[in-house]
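*Asks:* I'd like to go over a predicted model; first the sequence, then the structure.
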Amino acid sequence: MNNIEKNLSHIHARIAAAATACNRDPDSVLLLAVSKKKPAADIRNAYTSGQRTFGENYLQEALQKMQELQDLDISWHFIGAIQSNKTRSIAEAFDWAHCIDRAKIARRLSEQRPPQLAPLNVCIQVNIDHETSKAGIDLAELPELARAIDPLPGIRLRGLMSIPAPRENVAAQREAFARLSDALKSLRQQGIDCDTLSIGMTGDMEAAIAEGSTLVRIGTAIFGERN
Ligand SMILES: *Cc1c(COP(=O)(O)O)cnc(C)c1O
C-alpha cells in the first residue's frame, strides 16, 4: 500500500470507531478529502484507493486539477472563501460550496448555475467562536440568511459548515459542535429541509462525529503536510 492508501484506510477506521462509539452508522459520515496545494497525481492516487469526494480552496488551482482529472468521476466541493468575481466558475464546475455567508453570493451562484446541472449544494458558514480571523455569520443571523437562501432555484441549502477555534480537549470541542448541531435542528423545525453538518477536521473529527457531523473535511491526515 502507498501512503495515501494507508492514510485513507486509517481515517476510515477512525470514522468507523467514532461513529460506532455513539451508535451511528459509519456510512452516515462522508469523508471529504481536502487536496488543496497537493498535485493532481495525489488526487488520482486517492481515487484509485476508492475516494470520490475532494475539497479545494483556491479556484484557479482547482480548475487546473479538474482539467487534468477529467477522466475521473469526482464530486468536487469548494471549501474556500467566495468572492463575487468567482461565483460563475464555482457555479459551473463544482457540486458543493461550503462557505456561504452572504445572500448576495448565494443569489449569484443560483443565477449562474447552468440549468442542465442539478442545483449546487451549499452550506452556510457559521463563525461559531466569533473570531475576527474567520469568515462566517453569527448564529443569531442564521434564520434570516437561511430563509433568504432556501428558495433560490439554482442552489440547494444542505446545512451548516464551521471551523471552531482550537480547544484543549474533546469535551470543549464537543461544546462548540453541539451548538452547531442544535442550530441545524432548529432550522429543520422551522421547515427548512437540510441534512448536512460539515464539521470536523484532522484534530477534532471524533468530537464532531459525536455531535452529528455528516461530513468531515480531512487534508493533512490523508495527503501529508502542506508547504
Ligand atoms: C485546509 C482545510 C481543511 C483540512 O485541514 P487539515 O488540517 O489539513 O485536515 C478542512 N477544512 C477547510 C475549510 C480547510 O481550509
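*Replies:* Structure's in. What do you need?
*Asks:* around the ligand, pick out the residues from this protein.
*Replies:* With the criterion set to CB under 6 Å from any ligand atom, the chain comes near the ligand through 34, 36, 57, 79, 163, 201-202, 217-221. To be clear about C-beta, it is placed using only N, CA and C from the backbone, and glycine gets the same treatment.
*Asks:* which parts of this protein are strands?
*Replies:* Taking DSSP state E to define them, one finds strands in the chain at 30-34, 53-56, 75-78, 96-100, 120-126, 155-162, 196-198, 215-218.
*Asks:* pipe the ones you listed into a markdown table and attach mean neighbour count per row.
*Replies:* Putting those into a markdown table (neighbours: other CB atoms under 10 Å) gives the following:
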| stretch | mean neighbour count |
| --- | --- |
| strand 30-34 | 22 |
| strand 53-56 | 23 |
| strand 75-78 | 21 |
| strand 96-100 | 24 |
| strand 120-126 | 25 |
| strand 155-162 | 24 |
| strand 196-198 | 25 |
| strand 215-218 | 24 |
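*Asks:* Met66: which of these is closest?
*Replies:* strand 75-78 (6.6 Å; CB to CB).
*Asks:* pLDDT on the closest one, on average?
*Replies:* For strand 75-78, mean pLDDT is 98.
*Asks:* same question for stretch 179-187.
*Replies:* For stretch 179-187, the mean confidence score works out to 98.
*Asks:* would you mark the buried spots in it?
*Replies:* 179-181, 183-184, 187 (16 or more other CB atoms under 10 Å).
*Asks:* about what we covered before: from the residues of the chain next to the ligand, which ones fall inside helices?
*Replies:* Counting by DSSP state H, the part of the residues of the chain next to the ligand found in helices is 220-221.
*Asks:* pLDDT at the closest residue to Ala103 other than its chain neighbours, what is it?
*Replies:* The spatially closest residue to Ala103, leaving aside those adjacent along the chain, is Ala148, at 4.3 Å (CB to CB, 6 or more residues apart in numbering). With respect to pLDDT, Ala148 scores 98.
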